[in-house]
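S.K.: Here is the input, now give the coordinates:
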Amino acid sequence: MEAIVLAGGLGTRLQGVIGEHPKCMANVAGQPFLAHLFEYLDRQGCTRAILSLGFKHWEVTNWLEDQDVQFEVDCVIESEPLGTGGGIQAALEIADTDDVAVVNGDTMFMVNLRAQMKYHKENQAHTTLALKEMRQFDRYGAVNTDAAGIITSFEEKQYKDVGLINGGIYIINKEAFFQKNLPEKFSFEKDYLEKYLAERKLSGYVSVGYFIDIGIPADYERAQTEFKTLFL
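M.R.: Prediction:
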């Protein structure tokens with residue numbers, strides 16, 4: 001299993017807490033967030049990670065030199081910001097497998113990746129999104145599916161009592177992705193997922209796994225405690 005890790009973010013909302021560092025290098029419970037993400041990927045059977053890097057990429061590559069990672073790690077470095085879609089596209093270009101997982105470098109969603117991959121292939125989907133049920137939220141947009149698990153619509157951020165959100169873990173079929181002839185810079189969410197929604201080739205895999213996005217200081221602080229026992 002290959003996994004792309006989107007780890008080029010600036011961490012603007014966290015700079016007051018972590019300074020000017022890539023979000024994936026934010027210290028969580030004594031280790032960079034990326035170290036916890038690697039632990040998760042290793043437990044999911046990942047055999048190769050492709051890091052999509054940008055902002056202060058040398059901090060990540062220097063850290064990697066001293067790590068004993070249990071799987072192959074390669075890096076794709078953006079010379080200028082390419083957007084989430086451009087970062088995924090550049091990493092997919094060096095991927096070897098037909099269906100590739102994508103995870104965010106600032107989010108821990110403990111999805112069973114093997115099960116999501118199986119679901120993705122059974123549905124012959126172009127992309128399968130891991131979805132998380134949330135209650136009383138306004139920080140995320142909602143994702144709606146039909147009875148067969150096909151994604152039917154994306155809603156803008158607004159308060160909802162209950163709904164499914166995009167948890168930021170994808171399985172992407174590489175051939176279907178490259179058939180779209182996408183630009184070098186683009187938003188994966190707006191210019192790929194939403195633009196090609198009508199093709200009914202996007203599926204949603206609902207998971208009850210642990211979820212946290214460290215992108216805001218309050219959740220970053222919460223992670224300091226919760227990550228101490230995350231992999232016990």
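S.K.: could you show me where the helices are in the chain, in order?
M.R.: In the chain, the segments counted as helices under DSSP state H are 15-18, 33-43, 57-64, 83-92, 113-122, 174-178, 188, 217-226.
S.K.: would you turn the ones you listed into CSV with mean neighbour count?
M.R.: C-betas here are computed from N, CA, C, even on glycine. Output for these, formatted as CSV (neighbours: other Cβ atoms under 10 Å):
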stretch, mean neighbour count
helix 15-18, 13
helix 33-43, 20
helix 57-64, 15
helix 83-92, 22
helix 113-122, 17
helix 174-178, 15
helix 188, 22
helix 217-226, 14
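S.K.: helices and strands around the least confident helix or strand in the chain by mean pLDDT, which ones?
M.R.: Between all helices and strands in the chain, the lowest mean by mean pLDDT, DSSP states H and E belongs to helix 15-18, at a mean of 78. Here helix 15-18 touches helix 217-226, going by 3 or more Cβ pairs under 8 Å, 6 or more residues apart in numbering; DSSP states H and E.
S.K.: Pull the distance from the longest strand along the chain to the chain's centre.
M.R.: Assignment by DSSP state E gives strand 160-173 as the longest strand of the chain. How far strand 160-173 lies from its chain's middle: 10 Å, per Cα atoms, centre = their mean, to the nearest Å.
S.K.: next one: stretch 29-40
M.R.: 14 Å.
S.K.: Near the closest residue to residue 169 other than its chain neighbours, how many other residues are there?
M.R.: Of all residues not flanking residue 169 in the chain, residue 130 sits nearest, at 3.9 Å (Cβ to Cβ, 6 or more residues apart in numbering). Residues lying near residue 130 (other Cβ atoms under 10 Å) number 27.
S.K.: residues in contact with residue 130?
M.R.: Shown in contact with residue 130 (Cβ atoms under 8 Å, 6 or more residues apart in numbering): 109, 111, 116, 166-170, 205, 207.
S.K.: Could you report the distance from it to residue 205?
M.R.: Residue 130 is 5 Å from residue 205, where distance means Cβ to Cβ, to the nearest Å.
S.K.: Distance of residue 111 relative to residue 81?
M.R.: On the measure of Cβ to Cβ, residue 111 and residue 81 end up 27 Å apart.
S.K.: go on, residue 30?
M.R.: Going from residue 30 to residue 81 by Cβ to Cβ gives 30 Å.
S.K.: just residue 117 next, same as before
M.R.: Distance of residue 117 to residue 81, computed by Cβ to Cβ: 29 Å.
S.K.: Okay, the residue nearest to residue 169 and residue 220: tell me how far apart.
M.R.: 21 Å.
S.K.: that older thread, most neighbours among the contacts of residue 130, which one?
M.R.: In terms of neighbours by other Cβ under 10 Å, the contacts of residue 130 top out with residue 167 at 28 neighbours.
S.K.: Spit out the contact partners of the closest residue in space to residue 26 that isn't next to it in sequence.
M.R.: Nearest in space to residue 26, with sequence neighbours left out and distances taken as Cβ to Cβ, 6+ apart, is residue 18 at 4.6 Å. The contact partners of residue 18, by Cβ under 8 Å, 6+ apart, come to 11, 25-27, 220.
S.K.: between residue 30 and residue 81, which one's more packed in?
M.R.: When neighbours are counted by other Cβ under 10 Å, residue 81 comes out ahead of the other of residue 30 and residue 81, with 14 against 9.
S.K.: Need phi/psi at that one.
M.R.: Main-chain torsions, residue 81, degrees, to the nearest 10: phi -60, psi 130.
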